[in-house]
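In: Below is the sequence, then the predicted model.
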Amino acid sequence: MTKTVVVTGVAGFIGSRVAARMAHEGFSVVGVDDLSSGKVANIPSTIEFVEGDLAVQGTITKLPKQCAAVLHLAGQSSGEMSFDDPVADLHKNTVSTLNLIQYAISVGVQRFVYASSMSVYGNVPDAPIAEDEHVAPLSCYGVGKLAAENYLAVFAKQLSSVNMRMFNVYGPGQDMSNLRQGMVSIYLAQALANKHIVVKGSLERFRDFVFIDDVVEAWLRAATFDGVGGSTINIGTGVRTTVAQVLETVKGHVAGTTVEVTDPTPGDQNGIYADTARLRSILQMNEFVGFAEGVRRFSEFAKTA
């Protein structure tokens, strides 16, 4: 059995960390990225790198002819930015996935792990949201993510896949120059730069924040555990944290920070947090880095970066 895996979005925050972990576990990693938002400096030195846009067939032809797993994390990752150019968002998040599905089937990939999102749910009750909840995305980004999940379902008999519905991932290594994606990183970046945070929307909104190390562990398990294929799994902690709580936590690390509240962004969910029963049972993850500890680690990293 080949130990080669393809990791897409390898120059990004999560993809680079997943690729490094897979390489550490003994896999031969081929990383792919178009470098439209990722950074070359993020790419692990131990892997083979292919530069290209996965929505273009020419990039697909550069992928290995033998591959055990595809870990697909490439794409545009901001609901807000998806409204700027919905067609570009479709190409980056959905066409790329369909191309990779066809590639994976053609070379006999055993596991396809897909970076989906909590955005597929849309507006939900104020309660832990399970994977069988009705899905009604509010953003172009969410629509594209759900479409990709549905493509994987269509090809389920030919390809074993796992949909990773990721909640709010944060932590060291996140792109703090991008002020339109990543709530914790946006607030921390503003606090460190200006001691002033601009919040787009109500302070009573709530989210489920999951630390990068826990996310990487979940991806490793989704790629390697038996009996995982065909699953859709929330990647969160199950903890409900309000924007007001996030701000207080960040302000605790940057004294004197002030807050300004402005209008919400299009397609923003009011509140969502994960039911983690599947994460615990299927991937056997029962312990997570707490939010206060995660922000402490992120803050320390950011102050010295």
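Out: Now that the structure is in, tell me what you want to look at. All values derive from a computational prediction rather than experimental measurement.
In: hang on, residue 43 packs against residue 7?
Out: No - in terms of C-beta atoms under 8 Å, residue 43 does not count as a neighbour of residue 7; the distance is 10.0 Å. No exception for glycine: its C-beta is placed from N, CA and C like everyone else's.
In: which residues do those two both contact?
Out: Common contacts of residue 43 and residue 7 (C-beta atoms under 8 Å, 6 or more residues apart in numbering): 19, 31.
In: where along the stretch 101-250 of the chain do the helices fall?
Out: 140-154, 183-194, 212-224, 243-251 (DSSP state H, counting those that start in this stretch).
In: Just send those back as a markdown table, with mean neighbour count too.
Out: A markdown table is the format used below for these (neighbours: other C-beta atoms under 10 Å):
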| stretch | mean neighbour count |
| --- | --- |
| helix 140-154 | 21 |
| helix 183-194 | 20 |
| helix 212-224 | 21 |
| helix 243-251 | 19 |
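In: These: which one's closest to residue 57?
Out: helix 140-154 (16.4 Å; C-beta to C-beta).
In: tell me which strands and helices the closest one is in contact with?
Out: helix 79-82, helix 86-90, helix 96-107, strand 111-117, strand 161-166 (3 or more C-beta pairs under 8 Å, 6 or more residues apart in numbering; DSSP states H and E).
In: Return the alpha-carbon coordinates of that helix using CSV.
Out: Extracted as CSV, the C-alpha positions of helix 140-154 are listed here (Å, rounded to 0.1, in the frame of the first residue of the first chain):
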residue,chain,number,x,y,z
CYS,A,140,-22.1,31.9,-1.2
TYR,A,141,-19.2,30.2,0.6
GLY,A,142,-21.6,28.0,2.5
VAL,A,143,-23.5,27.1,-0.6
GLY,A,144,-20.3,26.0,-2.3
LYS,A,145,-19.2,23.9,0.7
LEU,A,146,-22.6,22.1,0.7
ALA,A,147,-22.4,21.5,-3.0
ALA,A,148,-19.0,19.9,-2.6
GLU,A,149,-20.4,17.6,0.1
ASN,A,150,-23.2,16.6,-2.2
TYR,A,151,-20.8,15.8,-5.0
LEU,A,152,-19.0,13.5,-2.6
ALA,A,153,-22.3,11.8,-1.8
VAL,A,154,-23.0,11.2,-5.5
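In: Specify the stretch among the helices and strands packed on helix 140-154 that is closest to residue 197.
Out: helix 79-82 (16.5 Å).
In: Now do the helix or strand residue 298 falls within: distance to the chain's middle.
Out: Assessed by DSSP states H and E, residue 298 sits inside helix 291-304. Here the centre of helix 291-304 is set off from its chain's centre by 19 Å, with C-alpha atoms, centre = their mean, to the nearest Å.
In: For residue 147, which non-adjacent residue is closest in space?
Out: residue 94 (4.9 Å; C-beta to C-beta, 6 or more residues apart in numbering).
In: scratch that, residue 51 is what I was asking about
Out: residue 35 is the one closest to residue 51 (C-beta to C-beta, 6+ apart), at 6.2 Å.
In: What distance do you get for that neighbour to residue 189?
Out: 21 Å (C-beta to C-beta, to the nearest Å).
In: what's near enough to touch the residue nearest to residue 147?
Out: Per C-beta under 8 Å, 6+ apart, neighbours of residue 94: 144-145, 147-148, 151.
In: and it, what pLDDT?
Out: Looking at residue 94, its pLDDT is 91.
In: related to what we said a few turns ago, just the angle for the helix holding residue 298 relative to helix 183-194, thanks.
Out: Helix 291-304 runs at 40 degrees relative to helix 183-194, counting by axes from the mean of the first three to the mean of the last three C-alpha atoms, to 10 degrees.
In: Mind putting the helices and strands packed on helix 140-154 into JSON lines with distance to residue 66 and mean neighbour count?
Out: Shown next, in JSON lines, are the helices and strands packed on helix 140-154 (distance: least, C-beta to C-beta, whole Å; neighbours: other C-beta atoms under 10 Å):
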{"stretch": "helix 79-82", "distance to residue 66": "35", "mean neighbour count": "22"}
{"stretch": "helix 86-90", "distance to residue 66": "30", "mean neighbour count": "16"}
{"stretch": "helix 96-107", "distance to residue 66": "6", "mean neighbour count": "20"}
{"stretch": "strand 111-117", "distance to residue 66": "14", "mean neighbour count": "25"}
{"stretch": "strand 161-166", "distance to residue 66": "19", "mean neighbour count": "26"}
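In: I'd like to know which of those is closest to residue 28.
Out: helix 96-107 (14.3 Å).
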